[in-house]
Structures are given as structure tokens and as C-alpha cells.
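>>> model the structure of this input:
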Amino acid sequence: MVVFAANALVKIPTVPFPVRKLNGNSVRLPCSLRLASSAIRETAVSVISQPTKPDDLVADILSKVIGTDRGVLLKKDEHKKVGEVADELQRFCIETPVASPLIFGDWDVVYCSNPTSPGGGYRSFIGRLVFKTKEMVQTVEAPDVVKNKVSFSLFGLFDGEVSLKGKLTVLDEKWIQVTFEAPQLKVGGLDLRYGGESEVKLQITYIDERVRLGMGSRGSLFVFNRLSKPLA
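Numbering: from 1, shown residues only. Got it, this is the predicted structure:
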């Protein structure tokens, strides 16, 4: 290519453009346009492949945790992926979740990032061998009652359960505190209370008609799947 500069002819080397077909004719496109087009396609594919709606994120997180023995069977990188989806869902949380009637109902504890946290010793490595967990359910009743129940099979021979009843106290628009009475153990013909009161704090990071996500005061992530219909 030739240009004029200060009454002198200057030759600038020409870089050939990639060739593309347009209506059967060959058309040369600038390399920069070709690269930009490729980048746009890659970005579009990336955006489409990532769930961005709450319903999609809820389905995604449930698919990652259900069937994992409440997180026990997940590897470290899989726990990380669950946490990433939970972070995305938090952006869609309603403004004051503790004031919503959505919190009431029966909830299945389907995941905890620290799998031994819910259920205490019953969910430790040894505890899971002795007490095979059948279900873990949390019931929240209006106006301020929380009931936790872990059902298990003792050595696969005797059915039993551990239950706790607590009082819910709202700390702010997202944090709650529950003070539990001493646990009650039932197995075979045994029915007794042991230990003393306990207290937990939980931040509600997301809630809808299907799931509830919470973050414990020590950083454990909980995923609850609704078992009963929410109150109107």
C-alpha cells in the first residue's frame, strides 16, 4: 500500500486478511474482526451455559447435593462448586428473609459443607457406622418454634431418633438464633433426655418456595429442601 508523507512516497507492508466466502464470492476480513467474532461466540456460549435465574440455580445446587449423604460423599472441589452456586443464589435473596412466612414448614437437611455438623456425634465417621441416618428434618412452626429430628437405624436392627425442640429468636433481618432444649433419644424401648441446652446462630442467605440456604456462625453452609407447602 502506498501513502503520501511530506511529498514523499512511503510504502507500508500490507498484511493479507483471512478469506471468507460471502454469497459464493471470496471476501477478505481483517484479522481483528475475525478474533472479535470468535471472542463474542465464546462469551455467548459461556453465558448461555451458566444458569443465571434463581430457578436454574436452585435446580443446579440440588442436583449437586441430593444423593451425597448430605455432603459426606462430595470431594473438596465439589464442595467448592456447591459454595459457588450458593453465592450466586444469595444475590437473589429477598430483603428480609426472617420476616417471610416462607421460613415455616418442614425442611429436609440435604447438605452441609461440614457434614458432621448437623446431627453431632451421630454424623461422625464412627457415628454413621453405628447409627445409619435415614432422615434429617427441621420443622419451623409459627411463631418461634424449631424442631430438629434425626432418624436412624441402630446397626441396621433397631429404628430410633434424636429430637430437639428450640425457640427461635430474630437477631436482625437475616440472622436468627435458636436455643434448643436437651436432646431426646428414642431407640427400642429406650426414651431419655441427655446433655443440656444448646444454641446456634444461622444466617438465611436465600429462601423461596423450594429451598432455604443458611450460613452458620462458624461458616458452615446448609441447604434445606422443602418437604411441605409454604404457608400462604
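
>>> max-length strand in this structure?
If you go by DSSP state E, the chain has its longest strand at strand 158-170.

>>> quick check: mean pLDDT of it?
Averaging pLDDT along strand 158-170 gives 95.

>>> ok, residues contacting it?
Contacting residues not belonging to strand 158-170 are listed as 98-99, 119, 122, 131, 134, 140, 144-154, 176-181, 183-188, 190, 198 [Cβ atoms under 8 Å, 6 or more residues apart in numbering]. Using the backbone N, CA and C atoms, a C-beta is placed for each residue, glycine as well.

>>> filter those down to the buried ones.
98, 119, 122, 131, 140, 146, 148-152, 176, 178, 180, 183, 185, 187 (16 or more other Cβ atoms under 10 Å).

>>> surely residue 132 is in contact with residue 150?
No. Residue 132 is beyond contact range of residue 150, at 11.0 Å (criterion: Cβ atoms under 8 Å).

>>> return every residue with contacts to both of those two.
Counting by Cβ under 8 Å, 6+ apart, residue 132 and residue 150 have no shared contacts at all.

>>> hey, C-alpha coordinates of stretch 92-100 in PDB?
Listed next in PDB are the C-alpha coordinates belonging to stretch 92-100 (Å, rounded to 0.1, in the frame of the first residue of the first chain):
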ATOM      1  CA  PHE A  92     -31.400 -13.100  44.600                       C
ATOM      2  CA  CYS A  93     -32.400 -13.400  48.300                       C
ATOM      3  CA  ILE A  94     -35.400 -11.400  49.400                       C
ATOM      4  CA  GLU A  95     -34.600  -8.300  51.500                       C
ATOM      5  CA  THR A  96     -35.800  -9.600  54.900                       C
ATOM      6  CA  PRO A  97     -36.000 -13.400  54.800                       C
ATOM      7  CA  VAL A  98     -36.500 -13.800  58.600                       C
ATOM      8  CA  ALA A  99     -39.800 -11.900  58.300                       C
ATOM      9  CA  SER A 100     -41.100 -14.100  55.400                       C
END
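
>>> can you pull the buried residues of it?
93, 97, 98.

>>> columns secondary structure and pLDDT on top of those, output as CSV?
Listed next are these as CSV, based on DSSP: H, G, I helix; E, B strand; the rest coil; pLDDT from 0 to 100:
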residue, secondary structure, pLDDT
93, coil, 97
97, helix, 97
98, helix, 96
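
>>> now, among those residues, which is nearest to residue 53?
residue 93 (14.1 Å; Cβ to Cβ).

>>> can you pull the contacts of that closest one?
Counting by Cβ under 8 Å, 6+ apart, residue 93 has contacts 174, 204, 205, 206, 207.

>>> okay, the residues you listed in JSON lines with secondary structure and neighbour count next?
Formatted as JSON lines, these follow (DSSP: H, G, I helix; E, B strand; the rest coil; neighbours: other Cβ atoms under 10 Å):
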{"residue": "174", "secondary structure": "coil", "neighbour count": "18"}
{"residue": "204", "secondary structure": "strand", "neighbour count": "24"}
{"residue": "205", "secondary structure": "strand", "neighbour count": "19"}
{"residue": "206", "secondary structure": "strand", "neighbour count": "24"}
{"residue": "207", "secondary structure": "strand", "neighbour count": "21"}
